[in-house]
Each structure stands twice: as C-alpha cells, then as structure tokens.
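> Model the structure of this input:
(chains A, B, C and D, ligands or ions: 4)
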Amino acid sequence: MYSEKVMDHFTNPRNVGVIENPSGVGEEGNPSCGDIMKMYLKVENDIIIDAKFQTFGCGAAIASSSMATEMIKGKTLEEAWTLSNKAVAEALDGLPPNKMHCSVLAEETIHKAINDFLVKSGREPWGDGECSSCGHDCDTCEL
Amino acid sequence: MYSEKVMDHFTNPRNVGVIENPSGVGEEGNPSCGDIMKMYLKVENDIIIDAKFQTFGCGAAIASSSMATEMIKGKTLEEAWTLSNKAVAEALDGLPPNKMHCSVLAEETIHKAINDFLVKSGREPWGDGECSSCGHDCDTCEL
Amino acid sequence: MDKKIIYMDHAATTYTAKEVVEAMIPYFSDEFGNPSSVYSIGQSNKKVLDLARKQAASAINAQPDEIFFTNGGTESDNWALKGAAFANERKGKHIITTSIEHHAVLHSCEWLASRGFEITYLPVDKFGMVSPESVEKAIRQDTILISVMYANNEVGTIQPIAEIGKIARKHGICFHTDAVQAVGHVPIDVVSENIDLLSLSGHKLYGPKGIGALYIRKGTRIQSFMHGGAQERKRRAGTENVPGIVGLGAAIERAVTHLPEEMDRLTDLRNELTRELLKIPATHLNGHPTKRLPNNTNIIFEYIEGESVLLLLNMKGICASTGSACNSASLEPSHVLTAMGIPHEIAHGSIRLTIGERTTAEDVKIVTAALKETVEKLRAMSPLTPK
Amino acid sequence: MDKKIIYMDHAATTYTAKEVVEAMIPYFSDEFGNPSSVYSIGQSNKKVLDLARKQAASAINAQPDEIFFTNGGTESDNWALKGAAFANERKGKHIITTSIEHHAVLHSCEWLASRGFEITYLPVDKFGMVSPESVEKAIRQDTILISVMYANNEVGTIQPIAEIGKIARKHGICFHTDAVQAVGHVPIDVVSENIDLLSLSGHKLYGPKGIGALYIRKGTRIQSFMHGGAQERKRRAGTENVPGIVGLGAAIERAVTHLPEEMDRLTDLRNELTRELLKIPATHLNGHPTKRLPNNTNIIFEYIEGESVLLLLNMKGICASTGSACNSASLEPSHVLTAMGIPHEIAHGSIRLTIGERTTAEDVKIVTAALKETVEKLRAMSPLTPK
Ligand SMILES: Cc1ncc(COP(=O)(O)O)c(C=O)c1O
Ligand SMILES: Cc1ncc(COP(=O)(O)O)c(C=O)c1O
Ligand code: FES
Ligand code: FES
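Numbering: from 1, shown residues only, chains lettered A, B, ... in the order given. Ligands and ions are numbered 1, 2, ... in the order given. A predicted model of the protein is given here:
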C-alpha cells in the first residue's frame, strides 16, 4: 500500500511538535476525510529556518507533513510556496491515488503558515493558487 | 439418480421384443419428452399370458416398460388395467420426481393395448381414467 | 511471515480451517464431476451437496430444501433484496431497512430506489440498536419487505430479530436478515424468530471465501437473481462450486458443534480486552455493552485517526481494522458510527478488534500493551490532543 | 472408483489441475487476509489478485484493469446483460442475441423482457452458425446491446465474432460475447475482434469451479450487478475469493501456454472420434464440420434416446452428456438443436463428447467401440428402428 519512504516518515516522523513563538502558523483540514494538519514556521530574512507540525490523520498525512517540513527547511518563502503536493508525493516515492489529497493538505497548510507570517509582519498575503492537480488519472482516482 | 432395481431392469430389460400376431397392441408417446412406448399382449381367457415391449426413451422409460410387462404377465385384464404407475415405480424402488411420468407412460400403454384387444374382440373399450397422480409433492416435482 | 502475527480481524475474514480445506481437496481434481450430470462421478457430487445443505440448515433450524447456495454474503443480500422486491412489486414498492446495514444491503436498496422502489432507513440508538416499535411504525399498506441485519459487522450490536420477525409475520410482510456475522457465532432459529430470508457467508466462520447461502422459507415469494441453468432447483443458476459448498457445510457443522463453549470463551476474552483498553484515557466503547457479538470490541480513541493506528499495530504484527474491510479505501467516516450519532472527527478514531478461535489471553495482553503505546505516540503528534 | 474412467465431458466441467490446486492452497489457511485490509497479510493478497488479473487479461489481449472477477460464467453473463441493459436504457431498450445462447444469457434476456426490454433472438443455420448479416439487419435505432456467444457449448460451432464485432462497433452498440467455452481453447483478441464485454469461467479450463471473470472494455457503459462493498474498483462487490482467483489466473496462464499444440492434438483426436462414430449407420454430426471447438464432437444416433445411451456408457466407465449439463434434468429437447432445425425425436438421440488434455488415442478407440455396442443394444429395443 505505502512505499518504504512513506512508512519511514510515518513511523519516524521528522519535525513533530510545536515551535514556541513561531513566525507563522497554518492549520488546514480536509472536510471529506476529517484530517487536520498544523504547521509552525520560524522565519528569518524570508528564509524558513525551522518548521514543525502536528497532524491528526492517516499514515499518508503524517508522512506528508514530515516530508514537507523537511523540504521547506532552509528554503526561501518563495521556494517553499512553490513546493507542490506532487513534489512531496514524489519525494515519498509516491502515494496511492486515494491518498494524494493528503499531500495536498500539506501544501495548503504551508501556504496558510506562510501567509500567517506575511500578515503578521504587515505584508500582503499571497494569492492562494488553484487546487493543484495531483497528476493522477481522474478516472481511477478515488480522491 | 436411479435405484439399483431401475438400473437392473434398464440394463437387463425383461420382455423386450415383438409378439407375432398379438391379441392387442398399444403405443403411447409423451409429447413433452418425445419418448415412445409400444406393448404387445397375448391374451387367453382374459388373462395376459405374454407381454413384450419396445421403447424409445430414457432409462426410466425402459425400466418401467420392463417392470410393467413383468407385473401384468399372468394377470387378468382387470388386474392389469388397475396397475398404477405408482405401483410400477414402487416395484422399481422409486423413480426420481422428474421421471415419474415415464411410469405413467407404461400405465397408459397398457391401457391402450388392453383396449386394442377389447375392440378387436368386439367388446367396448374401457374408460381411460384420469391422469393418475404420481404421489410426489407438486412443488418440487419437475414433471 | 517471520514474526508472530496476532490476528484480530476475524469479522473481516477468517482463515479456512485446516480440516475444512482437507474436506474440500478431493472435490477439486478427483471428484470433480458436474452435479447435474447423469454419470456416477457427477451424481455422487449431488449427494455431497445434499449433505452440505443439511449441515447449513441445521445451524439455523431450517429445512435442507430451504437452503440455496450462493457465492457469498453479498450475493445472498443482493438476491434477497432484489429478488423479494421484484417478486412483490405488484403488492407495493416500499422497503424498510436500517441505516446500519452492510453496503451489500444498502447499495442494493439504493439501486432498487433508482428503479422506483421507496426505501425507509430506520435510525438506531446510540448503541446501534434498531427498535421494533420503529419497524412497526414504518410499515405502510405497500410495504413488501423488511430487512434488518442480525448483528452489525462494525460495532457487533445484536438486533432484536425475534421481535421484528413477529411484527413482520403479523403484518404478512417478508422479513430478511443479513446474518453473515451471526451464523456460527450465536444461536439462530429461523422458525421461532419468524425469519423468511437469511444471508450467510462461509469466510466469516472458518469456511472458504466465495461461498455462502440464502435461506428461503418455503412459500416465500422471491425471483431468481442469477438466471441460467437449472441448478439449485432452478432458483440459482451456475455450475455448483462443489469444493466451496463442501467447505461451507463442514465449516458450519464445526462452528455449531463448538458454539456454546466458544461463545463463553470469546465473551470472557473480549470483556477483558475491552476493560483493559477503556483504561486508556479518552476512550469509549462503540456498540451495545452486552447485546453484542462475543468476538467484537470496537473502541474510539479520541484525538487520533484510525488508519495510522492500524499501520502502527501492523508493524507490531497485529491485524485490526477501523470497521468494515470492504470500505477501507473510503475516506468517509463509518456510516454505522455516524448513524449512532458519533461526531465525524471522533468516528475517525475507532478501531475494531474481532477475536477468534486461536486468540489467547496472552494475545489480549500483547494487543492491549501495543495499543496503549500506539495511542500515546499518535496523540503526541496530534494537534487535537489537549495539553 | 475401482475401474478406469474415461471422461469425455470436459465442456460440462473439468477437473482442477493439480498444479492449480497447489497454487491455491496457501491462500486458504495461511495467506488468508482480506485484500481490502490495511495490514500486510491482506495487502499481499492484493498483489496476488493483480497477478491473476494480468494472467486473465493476457489470454484475451485485454488490459489488467479491464478484468473483473465474478463467481463464474453465469454471473458474468447476468452482469453483462443486465448491467449493460440498465446502463443504456435511456438510449433504447432493444437487445439482439441468438437462439443458441447458453441459458445464462437466454434467461437473463427473458428476465429483461419481463422488465420492458425487447429481445430479438437471431436464428442460426443448420450448422448452428449466426450470420453477421442477420445481426446487422436486426439493428434498430434503439438497439443497445448485441450478445453472441463465442462458441456454442453443445455443438461447438465457433461464431463469426470478429465480423459481428465490426458491425457492432460501426453502429456504436455494445458487444458482449459469452466465451466461457472458448477462452483457453481457441485464441481470442478482444481488441481486433471489437469485443466490449466477454464472459469467462474457471472450471472449463482446468481451473476451479465458482470463479470467473467479466472483461469490460474501458469506457463501456455498464451498471454493477453485485452491489455492496468497494471491491473490484467498486464495480463488483463481495469479499474476493482469493484462492479461486489465484486458481483462475494459474489455469488461464497454463491453458494459454499450451494452446497452439493442444488445439492441434485435440483436433486430430476429435476428428478420429467423429470419423469412427459416423461409420455407425444413421448417425449425423451436429454443428459445423470445421469451424468448431477442437475438443467437441456431437453426434445424433437415430432411433434411440440420449439418456439411455449415457447410462449404458456410464456402466462402461465412460462419462458423456446429451448437451448442456445444467439442464440434464429437463425433458425438452435441446434448444440449440431445435434452433438448427433438427426434428424433436432425432434431437433426443444426440450425444456430446468433449475430450480434454488427458484424452488419448486409446480412449478414442474404447469409446468408439463402447458406443457401437450401446447403440446396437438400444436400437434393438426401439420401436422406431426400421426392420
Ligand atoms: C454483515 C455483512 N453482510 C454481508 C457481508 C458480505 O459478505 P461477503 O464478503 O461474503 O460477500 C459481510 C462481510 O463482508 C458482512 O459483514
Ligand atoms: C457457454 C456457456 N456459458 C455460460 C456457462 C455458465 O458458466 P458457469 O457454470 O461457470 O456459471 C457455461 C457452462 O456452464 C457455458 O458453457
Ligand atoms: S489526509 Fe485524509 S486520508 Fe490522509
Ligand atoms: S419417458 Fe420421458 S423422460 Fe423417461
């Protein structure tokens, strides 16, 4: 069902937890499956120097949170913003079709956290892009 | 499927053949299954002193012919007339429900042969009774 | 498999018992004749089917000729619902069922609704119990069928079937019960409980997968579902799965023989398991506390999500499920828990443990410890866990 | 069984090959997990299903995700007919089939007729062959489905499927073929033959009974027949019969591997058998002389009745049949022979011999001699035999 990478990030998730006095926090839920993701960012000079998460969700959601926080650490805000769910899923060696939306949840939570930082620091939030397509065949996807 | 008695009378049928110059002949067919039975009687003093048959039909039809001819030999015409299909089937240790009509065929062929004799000897034919019921549960019978 | 597996998902499927497989083996390659044939090797298989029919009948106090073999619980349910609906549509088009049925019943009902039937889905109380009064109230002039499951596959609640059967009989309405989880696990009597149609399945009682039966009380109006050859006295077409039917018969006989002792043994083990798990904070038992299948416990762990629990348990060699196996690909919370009034986010944290004939007290201890650890680990990660 | 049995009824059912049974065994009691589960023992069974899907697909040049497992040919036929009919009823309610289909198709059609569909039953010629022209002529504005069997189970005639497929495609009408007797026996290509739906069954090709498949070309409009859980990508509900599916896959792969040589070998043996039997006076071959299944011969012996022939053969250890096994309880003459214009009383004297992978030249000799003797004995008893 899940790749070894997913299982690794699920059983030994990186960056679990809370950042005290974070620069930005994002929380996002998926209304269909009920899962909830929360991310905390520490930003300096528009670079994400630390990221942590808390997730209520399935194995794919936890692994996506873990991988996504790993991938944005050390990145600029712009770079982090353009991290797609597809890239997260690929870094995990793939997700089952009906679990692609778990990586979407990670992407959206990052966007929320970045915008929270922007607003808090008196800047305009960035436009929330369209729902990023998952790249799977919509016919077989059970999303 | 068939009792040992049926198989015995089927594989070693008694009274197969033709009687030259018979006192009476009866032929009856079952329109639903296409089977045909023919019986030849030799009658003296209203007693059946010999009976033979030819049958185009299934194992049950052949066994019923064999058993029925055995059962009427030496009987009076009245006794032979009252031989029911049920009695033939019982003498064969039973027939499957969907094969009860094969014994009915034997009963009816005997009636035809007796009436043929009666008419030939200038007497009135006997009334053909109602279709004799087979004694099985009509719900499960596939007749 | 290199480490010991503790299997606690018997409601999803059971292994086929060794002696059941052994009973089946001769019918694959040696006694393989088609039971509809005239020659001996086919005819002898007919006898074997009759024996299996007797074995199945005696488990529910039916007559052998009221048992019709199908390929499983799903087919039995589809046949019962669609067959009874179409056979009685002149009388009316109203069907009563419940909101906690298996999808084999629910989706058959939805399909019938798409073809002009009207379905009433009865609610359940917080224990997942249907009230006989609600059944009686729902009956209309044009009601032709009542379908209420014997025992629920997710939360294990046993329904008041005898009471409902009485009501159905009083009103002259055909009564079907999906007893897939109940046959071989609790005693059933189709006569005294006034059941007209009953579904059962082999792979829930240590029989093979892909075989089941529908009990049809003599005189019940029902159309065929599987059309074709004249098998099963012209009511269910298709070359008989002889090894499967032999296995089903053997498995049912086996289950019935041990039933009373096994019920007691499982109830004790299950109670121990439940008691231990409820010691974990913020946990609740789903389903009725006592009127439930002896092998079923279903627990909610607040603040965490079920699939991640299962994955961690699996890594410890423990097999469990969140509810019904056939919808584990679905993201929706269980329709059964939802019908019982359990909120979405909490319903997502429920785990079903169904024990079986090999389960030991030792297993219960290991699973309890493993679940404690797992729940703690996941709660530590969850944004919902209170500080 | 104490004496050697010569089995010549492979079209009724085959034994399950030893290696197929061996492939199945582990999935009864060891790898028994429900493929829909999250834990590993269920998940590994999912892979096994995927392999079987590939094996089945490659036998007919389909894609694996176009294969859906059922419990046999009868279910596949019921699903194809009813599923396609209901899915397309907005477009029309007219279905074209033939008068020589298996009862699984014919009785499904009759049931659909009882629900407002209109069925055209195409005639066949004296060889049991449907003409593609008659198919094209029967097409109307509201035709939604054409169902023509690949090869007839009684007389073995192979239908002009590629031509009919072309016509169906040209008119944009869904095309189903019941290939239960053909898969694993003759080469089939659903792509080049333009087949949209194809039924197959395990127990006709040395696989287990109670398992089959429906091929559904991608994009074909078809409703579910078995409603319930989300198995088979939500199109066919019911816990998967894992051992059965494994066995089906193994059997198909096995059949396909040997197909060309086995076709040649069986054709030669069958021709020898036919040639010898036709030496008996007043005998005729039923079905097409060359366009027929390699394993099938079907002979009429005038003046005698089929069942009595079978019984006498059985006493000599030979298994044969009069036609389709599933209706041997019926007294009606075969609908196939009747459709071919053969008179009632003659149709009753037909015997089907279907040989298989263990049949030898020696068997053919024994059966020929036994039939000669049997026919003579019965003719001597028959009132129809000319003096
Ligand atoms: C209550 C209930 N009904 C029906 C079914 C379907 O049975 P099967 O999987 O044998 O088709 C199941 C199990 O899957 C069940 O638990
Ligand atoms: C042509 C044909 N179609 C359908 C079937 C039915 O298949 P099954 O017996 O697997 O249900 C058979 C055999 O019985 C057949 O020969
Ligand atoms: S986040 Fe919803 S199922 Fe994984
Ligand atoms: S006489 Fe008709 S089947 Fe026997």
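
> Please count neighbours and contacts with C-alpha atoms only from this point.
Fine.

> which residues touch stretch C:262-272?
If you take Cα atoms under 8 Å, 6 or more residues apart in numbering or on different chains as the criterion, stretch C:262-272 is touched by C:185-186, C:294-297, C:355-357, C:360-361, C:364.

> And the buried ones among these, selectable in ChimeraX?
Applying 16 or more other Cα atoms under 10 Å in any protein chain shown to the contacts of stretch C:262-272, the buried members can be selected in ChimeraX as follows:
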select /C:185,186,294,295,296,297,355,356,364
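
> For the helix or strand residue A:109 falls within, enumerate the helices and strands it packs against.
Element membership of residue A:109 [criterion: DSSP states H and E] is helix A:100-120. Applying 3 or more Cα pairs under 8 Å, 6 or more residues apart in numbering or on different chains; DSSP states H and E, one finds that helix A:100-120 makes contact with strand A:24-29, strand A:36-44, helix A:59-72, helix A:77-81, helix A:85-91.

> Tell me which of these sits nearest to chain B.
Among the helices and strands packed on helix A:100-120, helix A:59-72 comes nearest to chain B, with 56.8 Å by Cα to the nearest Cα.

> Quick one: distance of the closest one to the chain centre.
Relative to the chain's own centre, helix A:59-72 is displaced by 6 Å; criterion: Cα atoms, centre = their mean, to the nearest Å.

> Kindly calculate the angle that that helix makes with strand A:36-44.
Inter-element angle recorded for helix A:59-72 and strand A:36-44: 10 degrees (by axes from the mean of the first three to the mean of the last three Cα atoms, to 10 degrees).

> Show residues contacting helix A:59-72.
A:2, A:6-10, A:13-16, A:35, A:37, A:48, A:51-53, A:55-56, A:79-80, A:83, A:88-89, A:91-92, A:95, A:99, A:102-103, A:105-107, C:307-308, C:311.

> For residue A:33, give its distance to ligand 3.
Separation of residue A:33 from ligand 3 (Cα to the nearest ligand atom, to the nearest Å) stands at 5 Å.

> OK, contacts around residue A:28?
Contacts of residue A:28 (Cα under 8 Å, 6+ apart): A:36-38, A:105, A:108-109, A:112.

> Any chance of a markdown table for those, columns neighbour count?
Converted to a markdown table, those look like this (neighbours: other Cα atoms under 10 Å in any protein chain shown):
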| residue | neighbour count |
| --- | --- |
| A:36 | 25 |
| A:37 | 27 |
| A:38 | 26 |
| A:105 | 23 |
| A:108 | 24 |
| A:109 | 25 |
| A:112 | 23 |
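
> Output the residues you listed as JSON lines; include the columns distance to ligand 1.
What follows is the contacts of residue A:28, written out as JSON lines (distance: Cα to the nearest ligand atom, whole Å):
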{"residue": "A:36", "distance to ligand 1": "30"}
{"residue": "A:37", "distance to ligand 1": "33"}
{"residue": "A:38", "distance to ligand 1": "36"}
{"residue": "A:105", "distance to ligand 1": "32"}
{"residue": "A:108", "distance to ligand 1": "37"}
{"residue": "A:109", "distance to ligand 1": "37"}
{"residue": "A:112", "distance to ligand 1": "41"}
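
> Surely residue C:191 touches residue C:62?
Yes - between residue C:191 and residue C:62 there is a contact under Cα atoms under 8 Å: 7.3 Å.

> So between those two, which is more surrounded?
residue C:62 (22 against 14; other Cα atoms under 10 Å in any protein chain shown).

> ok, for the more buried one, nearest residue in space, not its chain neighbours?
Distances taken as Cα to Cα, 6 or more residues apart in numbering or on different chains put residue C:190 closest to residue C:62, at 6.5 Å, once the chain neighbours are dropped.

> can you confirm the one you found is in a helix?
No - counting by DSSP: H, G, I helix; E, B strand; the rest coil, residue C:190 falls outside a helix, being coil.

> Show the backbone phi and psi for it.
Per-residue torsions, residue C:190: phi -60, psi -20 (degrees, to the nearest 10).

> Check residue C:124 too.
phi -130, psi 160.

> nearest residue to it other than its sequence neighbours?
Spatially, and ignoring its direct neighbours in sequence, residue C:124 is nearest to residue C:130 (4.7 Å; Cα to Cα, 6+ apart).

> For the closest residue to residue C:255 other than its chain neighbours, grab phi and psi.
Take residue C:255 and drop its neighbours on the chain: the residue closest to it by Cα to Cα, 6+ apart is residue C:184, 5.0 Å away. The phi and psi values for residue C:184, taken as degrees, to the nearest 10, are phi 80, psi -10.

> Just to check, residue C:184 is in contact with residue C:59?
Yes - Residue C:184 lies in contact with residue C:59 (Cα under 8 Å); the separation is 7.3 Å.

> distance of the most centrally placed residue in chain A from chain C?
In chain A, the residue lying closest to the centroid (Cα atoms, centre = their mean) is residue A:106, at 2.2 Å. Going from residue A:106 to chain C by Cα to the nearest Cα, to the nearest Å gives 14 Å.

> Hmm, residue A:85 and that residue touching each other?
Yes - with contact defined as Cα under 8 Å, residue A:106 reaches residue A:85; the gap is 7.0 Å.

> Name the residues of stretch C:242-257 that come out as buried.
The neighbour-count check on stretch C:242-257 (16+ other Cα under 10 Å) flags C:242-256 as buried.

> can you list the weak-confidence ranges in the stretch 151-300 of chain C?
Judged against pLDDT under 70, the stretch 151-300 of chain C has no low-scoring part.

> What is the burial count for whichever residue of it sits closest to chain A?
Residue of the stretch 151-300 of chain C nearest chain A, by Cα to the nearest Cα: residue C:300 (14.3 Å). For residue C:300, the number of neighbouring residues by other Cα under 10 Å comes to 24.

> one step back: would you mind telling me which of residue C:184 and residue C:59 has more residues around it?
When residue C:184 and residue C:59 are compared for neighbours, residue C:184 comes out ahead with 27 against 21, by other Cα under 10 Å.
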